[in-house]
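Asker: Pasting the sequence and the predicted model now:
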There are 2 protein chains.
Amino acid sequence: MPRPQSSSPTDTELQILRVLWNHQPCGVGEIHEQLHNAKGTNYSTTVKMLSVMLAKGLVRRDETKRPHLYRAIWTRERTGKSLLKTITKKVYEGSVSSLVLQALSSSKASAEDIEQIRKILEEMEKRK
Amino acid sequence: MPRPQSSSPTDTELQILRVLWNHQPCGVGEIHEQLHNAKGTNYSTTVKMLSVMLAKGLVRRDETKRPHLYRAIWTRERTGKSLLKTITKKVYEGSVSSLVLQALSSSKASAEDIEQIRKILEEMEKRK
DNA sequence: TTGCGTTAGCGAAAGAATTCGCTAAAAAGA
DNA sequence: TCTTTTTAGCGAATTCTTTCGCTAACGCAA
């Protein structure tokens, strides 16, 4: 029977989106360079990935320029949010705090990080 | 050229792991019931998925009993941790605090959640 | 023991994601 | 202009995931 589409970007797609988020818009050349560094893949592969992502609506491109310039459709934040939501549901049974606790406990957050998080917590409490 | 294996469980695999994490060990029947509810898939499909997961080392099974009893190899925590690590790297450029901020800001954490998180933060600071 | 529903196992089909070779169009350089 | 390099596009091969049909083995009850 039919399979539902996975909605979230694949690993390789994320790799490409990351390049875009860090430096948008950009041409295939630049994207390829980083992909090649990371995995040693071919130029054609990069082009193909982009065309697939274009078809999927993950990226947009400006064809009036040469080389064509690509941009991510969704922001880093929105994508991350969606991935986190998925994990929250599929691993932590919907408990965001479990996820956050896990993320915190397994990391060496800096003093500034902690401070920043604390601020957010305060704001959240105030808003209630 | 060769493709590295994805290391993290697929969506369907996670769905199965979740059943196990919630109620271990258990036979195919129970797993199938939930999978079928969620996606309407066949019994054979469930069995096959499990055999693949067994081969991949995601689950373990006790064949001395009938029906065979399955268990997850990795805990919920360890799996979640690994997924979070991936997202931290692939989306937030390694910044755990960005991830946590994002997770918090897009959720309605309860008062208890907030309290719990605050405790963790304190502990983290003390440990320094 | 026989018969029936449950449980296991296979192999193969269908779907996706990723890879590349080969060709051509465009731009840059000599 | 002619040559070389960069950029685009396609179709096909590969690999991985998910699905199922078909068959067999098992355990329980009549």
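Answerer: Nice, thanks for sending it over. Since the model is a prediction, treat every value here as computed from it, not as a measurement. Residues are numbered from 1 along each chain as shown, chains lettered A, B, ... in the order given.
Asker: For the helix-or-strand element of chain A with minimal mean pLDDT, enumerate the helices and strands it packs against.
Answerer: Among the helices and strands of chain A, helix A:111-126 carries the lowest confidence by mean pLDDT, DSSP states H and E, at a mean of 87. Applying 3 or more CB pairs under 8 Å, 6 or more residues apart in numbering or on different chains; DSSP states H and E, one finds that helix A:111-126 contacts helix B:96-105, helix B:111-126. The C-beta positions use only the backbone N, C-alpha and C, and glycine is treated the same way.
Asker: make it 10 Å
Answerer: Applying 3 or more CB pairs under 10 Å, 6 or more residues apart in numbering or on different chains; DSSP states H and E, we find helix A:111-126 packed against helix A:96-105, helix B:96-105, helix B:111-126.
Asker: Pull the distance from the last one to the chain's centre.
Answerer: Centroid separation between helix B:111-126 and its chain, computed with CA atoms, centre = their mean, to the nearest Å, is 24 Å.
Asker: One more: the second one?
Answerer: Helix B:96-105 sits 19 Å away from the centroid of its parent chain (CA atoms, centre = their mean).
Asker: Let me know the average pLDDT across that helix.
Answerer: Helix B:96-105 shows a mean pLDDT of 91.
Asker: what comes up buried for that helix?
Answerer: Neighbour-count burial for helix B:96-105 flags B:Val96, B:Ser97, B:Ser98, B:Leu99, B:Val100, B:Leu101, B:Gln102, B:Ala103, B:Leu104 (criterion: 16 or more other CB atoms under 10 Å in any protein chain shown).
Asker: The second one against A:Ala103, yeah?
Answerer: Yes: taking contacts as CB atoms under 10 Å, B:Ser97 lies within contact range of A:Ala103: 9.2 Å.
Asker: Now for the two: what residues contact both?
Answerer: A:Ala109, B:Thr88 (CB atoms under 10 Å, 6 or more residues apart in numbering or on different chains).
Asker: show me where pLDDT drops low in chain A?
Answerer: When residues are selected by pLDDT under 70, those of chain A lie in A:1, A:128.
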